[in-house]
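Visitor: Next come a sequence and a model predicted from it.
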Amino acid sequence: MNSPCQSFGPSGPLEAPLRVGGLLPLTTLDYPDHLACVLFCQGCAWRCRYCHNPELIRAKVPTPISWDEVLRFLRKRRGLLDAVVFSGGEATLQKALPTAMRKVRELGFKVGLHSAGIKPASFKRVLPLCDWVGFDVKALEEEAELITGISGSGQANWNSLEALLESGVDYECRTTVHWQLFDCQRLQRLAERLAALGVQRFVVQLARPQQMLDPELGAAPMPAEAAQLWPYLEQLFPRFELREA
């Protein structure tokens, strides 16, 4: 028996709209070589210790902007923006994401996605709808739990990365580095593994020292040996970038 509180359409239950925790109206950084806006999707299953958007982690909280408001904003930006980036939180955890991506494409925008591939099946489901993916490689598979706090997160992260590399979708891989969680040797091993898989574009994002989920993580100075690591990574990848997260 159906719940009396459940809404139905002509062919079944009505899909809940995408839950958006924030909107960045203009960026030149979040989708390379494109003018884009960013939709910060509510909810995340991991608890990355350096997370600087902890307000987006809880899925079932009131959100400041409705999907209808997002659509009104996007209709006014047609011809002005190139792309819409779905970020998080972790956007792929929302069942409404494929529908939202299709709607964005109908409005004439390219579709970007920021994801860590938390659930590989959900990640694979939306890959065909993406023009570009910014993929968060947390760490080597066996070291990811130190960052995410979730058992099995490394395997999920790398399974999704494998799917991305096989998909043909344009992408960059990025790793956020906090020097209390990484050292240069770990970062070098990770970079060499990615290069061996054929990754062409790799970005190291330095964690922001403020507003992190784990209050025990403070500002950590960059180790002196990093000065030798950056030139090595520039040789390892055709496109390497160092930036703030």
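Guide: That came through fine.

Visitor: got a pLDDT number for the closest residue to residue 193 other than its chain neighbours?
Guide: With C-beta to C-beta, 6 or more residues apart in numbering as the criterion, residue 193 has its nearest non-adjacent residue at 6.5 Å, and that residue is residue 140. For the C-beta atoms, the positions are set from N, CA and C on the backbone; glycine is no exception. pLDDT, the model's per-residue confidence, is 97 for residue 140.

Visitor: What is the burial count for residue 140?
Guide: For residue 140, the neighbour count with other C-beta atoms under 10 Å is 16.

Visitor: Surely it touches residue 190?
Guide: Yes: in this structure residue 140 lies within contact range of residue 190 using C-beta atoms under 8 Å: 5.4 Å.

Visitor: how much space between the residue nearest to residue 193 and residue 16?
Guide: Distance, residue 140 to residue 16, using C-beta to C-beta, to the nearest Å: 36 Å.

Visitor: Is residue 61 in a helix, a strand, or coil?
Guide: coil (DSSP: H, G, I helix; E, B strand; the rest coil).

Visitor: Could you check how many residues crowd around the closest residue to it other than its chain neighbours?
Guide: Counting by C-beta to C-beta, 6+ apart, the nearest residue to residue 61 once its immediate chain neighbours are dropped is residue 42, at 7.0 Å. In terms of burial, residue 42 registers 26 neighbours under the definition other C-beta under 10 Å.

Visitor: before we move on, what about residue 196?
Guide: As a burial measure, residue 196 scores 9 neighbours (other C-beta under 10 Å).

Visitor: From residue 22, how far out is it?
Guide: 37 Å.

Visitor: from memory the residue nearest to residue 61 sits against residue 17, does it?
Guide: No: in this structure residue 42 lies outside contact range of residue 17 using C-beta under 8 Å: 11.4 Å.

Visitor: Now residue 74: closest residue in space that isn't a chain neighbour?
Guide: Spatially, and ignoring its direct neighbours in sequence, residue 74 is nearest to residue 107 (5.5 Å; C-beta to C-beta, 6+ apart).

Visitor: what does the model give that neighbour for pLDDT?
Guide: The predicted structure lists residue 107 with a pLDDT of 98.

Visitor: List the contacts of it.
Guide: For residue 107, the contacting residues are 71, 74, 75, 78, taking C-beta atoms under 8 Å, 6 or more residues apart in numbering as the criterion.

Visitor: Redo these as JSON lines? Include pLDDT and secondary structure.
Guide: Output for the contacts of residue 107, formatted as JSON lines (pLDDT from 0 to 100; DSSP: H, G, I helix; E, B strand; the rest coil):
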{"residue": "71", "pLDDT": "98", "secondary structure": "helix"}
{"residue": "74", "pLDDT": "98", "secondary structure": "helix"}
{"residue": "75", "pLDDT": "98", "secondary structure": "helix"}
{"residue": "78", "pLDDT": "97", "secondary structure": "strand"}
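
Visitor: Could you tell me which of those count as buried?
Guide: When those are checked for burial by 16 or more other C-beta atoms under 10 Å, the buried set is residue 74.

Visitor: which one of the contacts of residue 107 sits closest to residue 112?
Guide: The closest of the contacts of residue 107 to residue 112 turns out to be residue 74 (C-beta to C-beta; 13.5 Å).

Visitor: Dump the helix or strand hosting residue 190 to CSV, restricted to CA.
Guide: Residue 190 is part of helix 184-196, with elements assigned from DSSP states H and E. Taking C-alpha atoms only, helix 184-196 is exported to CSV below (Å, rounded to 0.1, in the frame of the first residue of the first chain):
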residue,chain,number,x,y,z
CYS,A,184,55.7,14.8,0.2
GLN,A,185,56.5,11.1,-0.1
ARG,A,186,52.8,10.1,0.1
LEU,A,187,51.9,12.8,-2.4
GLN,A,188,54.7,11.7,-4.8
ARG,A,189,53.5,8.1,-4.6
LEU,A,190,50.0,9.1,-5.4
ALA,A,191,51.0,11.3,-8.3
GLU,A,192,53.1,8.5,-9.8
ARG,A,193,50.2,6.1,-9.5
LEU,A,194,47.9,8.6,-11.3
ALA,A,195,50.5,9.3,-14.0
ALA,A,196,50.9,5.5,-14.6
